[in-house]
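[1] mind looking at a prediction? Sequence and model below.
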Amino acid sequence: MEPATVAEQAVFFVFAAMAILGALGTVYAQRVAHSMMSLIFAFMAVAGVFLLLEAEFIATIQILVYLASVMLVVLFAIMLTRRQIL
């Protein structure tokens with residue numbers, strides 16, 4: 001195997017592990033704010049996988065749409081809840 005292929009596989013496994021751990025953290029976090037941070041890590045890891053696939057446009061859209069728009073709405077929803085979140 002070529003060294004570039006091994007390095008690319010290693011980076012892929014790091015992104016895959018980040019996505020899985022972020023998804024699990026989203027589900028199992030005790031507080032809503034921690035769940036949101038885990039979801040951000042999962043979305044960033046998925047964008048990293050898209051970059052590895054040489055799909056820069058989809059990675060950019062992933063970051064702009066999900067992290068900027070959806071997470072902002074979730075953040076406002078968290079701020080408007082009366083429950084303690086931190």
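    Looks like it arrived, so ask away. Note that the structure is predicted; figures quoted are calculated from it, not measured.

[2] name the helices or strands packed onto whichever strand or helix holds Ala47?
    Here Ala47, judged by DSSP states H and E, is contained in helix 32-52. On a contact count with 3 or more Cβ pairs under 8 Å, 6 or more residues apart in numbering; DSSP states H and E, helix 32-52 meets helix 3-28, helix 56-61, helix 71-80. From N, CA and C alone the C-beta is placed, and that goes for glycine too.

[3] gap between the residue lying closest to Thr81 once chain neighbours are set aside and Ala4?
    In space, not counting the residues next to it along the chain, Thr81 is nearest to Val32; the distance is 7.1 Å by Cβ to Cβ, 6 or more residues apart in numbering. Distance, Val32 to Ala4, by Cβ to Cβ, to the nearest Å: 41 Å.

[4] those two: who's more crowded?
    A count of neighbours by other Cβ atoms under 10 Å puts Val32 above the other of Val32 and Ala4, at 17 against 8.

[5] which strands or helices does the helix or strand bottoming out on mean pLDDT in the chain pack on?
    Least confident helix or strand, the chain: helix 71-80 with a mean of 79, by mean pLDDT, DSSP states H and E. Counting contacts by 3+ Cβ pairs under 8 Å, 6+ apart, helix 71-80 packs against helix 32-52.

[6] what are the contacting residues of the helix it packs on?
    Around helix 32-52, the neighbours that count as contacts under Cβ atoms under 8 Å, 6 or more residues apart in numbering are 8, 11-12, 15-16, 18-19, 21-27, 29, 56, 58-59, 62-63, 66-67, 71, 74-75, 78, 81, 83, 85-86.

[7] just the buried ones from those residues, in PyMOL syntax?
    Buried subset of those, written as a PyMOL selection, criterion 16 or more other Cβ atoms under 10 Å:
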select buried, resi 15+18+19+22+23+25+26+59+62+66+71+78
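
[8] this completes my enquiry, with thanks.
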